[in-house]
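[1] Fold the following, please.
(one chain, ligands or ions: 2)
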Amino acid sequence: MKHLLSIEQLSRAEILEILDLTATIKANRGVADPKPLAGQCWAIMFAKSSTRTRVSFEVGIRELGGSPMFLSANDIQLGRGEPIRDTARVMGRMLHGAVIRTFAQKDVEDFAHYSGIPTINALTDEEHPCQILADLFTIRELRGSLDDLTVCFVGDGECNVPRSWIWAAARLGFALRIAAPTRFQPPADLLARAGGNIAVTTGLQDAAAGADVLYTDVWVSMGREDEAAFRIAQLGGYQINEELVAVAKPGALVMHCLPAYRGKEITDETLEKHAATIFQEAENRLHVQKAVLALLTRG
Ligand code: CP
Ligand code: NVA
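    Ligands and ions are numbered 1, 2, ... in the order given. Got it, this is the predicted structure:
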């Protein structure tokens, strides 16, 4: 594995290797920390806001012996129009790796190509691979395995997080149901490309019935703020609440990538009842990304 650009580009074996190494890295944190990034400097170049991803990468790179360098895309020449391929060719000569959060998937792909250094997608409009790897790890940790798993995604089924879920389901073979209004369903060509056991519906209750995991994400993703009123009107009702939890499998996990907007995609009551799961999920971003960093620098 040279880069982590998407779940789409990972094989089942690579996903399972990341999850297995995550378990070891998490168990050994503070006990026997390997330092595969010793002497390395990694850029964390973000064009969008972040709390979890930025903090977990800064901490993770340090814990693995490296130095993180945070760069806001607006503060470097990229923000004034310098092409990504030129930025990449400069950074590739100075840095050992890059973690990039931006809009176009093509930009992280181009950065990886032109820089020649290990590149990690920390969220684009198309995928959020680090998030879904942490989610899979959390489900395996709490449920014991990923076998016979049914995940129900509720809300904006078109954005980066459900798209990465689609590829995870396709690669690992679990059942994924996406409940979303027609306008916010994943594109048909993506579903056809992915294959797998994936159902897309407007029927929220049917999608949630008997599910092992109920999962949601914000209704208004970063970069879509000008559509906020329309999205809130259209997605109203596609919410995880106690009524929906009642139709899922007893003891079902409720998950959220965060940040959460209470009263929109999830109620305050349901988020707080499942806070232990949701914040374990957030913490696991650190462990899974350390595993990814270690694998990318394995040589
Ligand atoms: N879930 C997630 O990626 O959070 P941040 O936007 O805070 O990084
Ligand atoms: N879909 C959300 C995920 C945030 C972590 C967004 O892109 O804003």
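
[2] which stretches of the protein have low pLDDT?
    Residues of the chain that meet the criterion pLDDT under 70 lie in 299.

[3] in it, which spans are helices?
    For the chain, applying DSSP state H gives helices covering 12-28, 52-63, 84-91, 105-115, 129-143, 160-172, 188-194, 204-208, 228-235, 242-247, 268-273, 275-296.

[4] okay, the ones you listed in TSV with distance to Ala260 and mean neighbour count next?
    Every residue, glycine included, has its C-beta placed from N, CA and C. As requested, those are arranged in TSV below (distance: least, C-beta to C-beta, whole Å; neighbours: other C-beta atoms under 10 Å):
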stretch	distance to Ala260	mean neighbour count
helix 12-28	24	16
helix 52-63	12	20
helix 84-91	32	18
helix 105-115	25	20
helix 129-143	14	23
helix 160-172	13	24
helix 188-194	26	13
helix 204-208	18	19
helix 228-235	14	15
helix 242-247	15	16
helix 268-273	6	15
helix 275-296	8	21
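
[5] What residues sit buried inside stretch 26-43?
    Using 16 or more other C-beta atoms under 10 Å as the test for burial, stretch 26-43 gives Lys26, Pro36, Leu37, Gln40, Trp42, Ala43.

[6] still on that earlier bit, quick one, which of the helices of the chain gets closest to Ile76.
    Ile76 lies closest to helix 84-91 among the helices of the chain, at 7.2 Å (C-beta to C-beta).

[7] So which bits of the stretch 151-299 of the chain are right by ligand 2?
    By the rule C-beta under 6 Å from any ligand atom, the part of the stretch 151-299 of the chain lying against ligand 2 is Cys159, Asn160, Val161, Asp217, Val218, Ser221, Met222, Cys257.

[8] can you tell me which residues contact the fifth one?
    Put plainly, it is Val218. Neighbouring residues of Val218 by C-beta atoms under 8 Å, 6 or more residues apart in numbering: Gly155, Asp156, Pro259, Ala260, Tyr261, Lys264, Glu265.

[9] at 6 Å instead, please
    Tyr261 (C-beta atoms under 6 Å, 6 or more residues apart in numbering).

[10] Same question for the first one.
    Contacts of Cys159 were listed using C-beta under 6 Å, 6+ apart, and they are Ser221.

[11] Distance-wise, check the nearest residue to Ala294 once chain neighbours are set aside relative to ligand 1.
    Spatial nearest neighbour of Ala294, chain neighbours left out: Pro36 (5.0 Å); criterion: C-beta to C-beta, 6 or more residues apart in numbering. Counting by C-beta to the nearest ligand atom, to the nearest Å, the separation of Pro36 from ligand 1 is 23 Å.

[12] what do you get for Asp156?
    14 Å.

[13] Let me know how buried the nearest residue to that residue once chain neighbours are set aside is, in neighbour terms.
    Spatial nearest neighbour of Asp156, chain neighbours left out: Phe184 (4.9 Å); criterion: C-beta to C-beta, 6+ apart. Counted by other C-beta atoms under 10 Å, the residues lying close to Phe184 total 19.

[14] so what's Thr267 up against?
    Asn241 are the contacts of Thr267 under C-beta under 6 Å, 6+ apart.

[15] at 8 Å instead, please
    Gln239, Ile240, Asn241, Glu242.

[16] In JSON lines: those, plus distance to Leu133.
    Below are those laid out as JSON lines (distance: C-beta to C-beta, whole Å):
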{"residue": "Gln239", "distance to Leu133": "26"}
{"residue": "Ile240", "distance to Leu133": "22"}
{"residue": "Asn241", "distance to Leu133": "27"}
{"residue": "Glu242", "distance to Leu133": "29"}
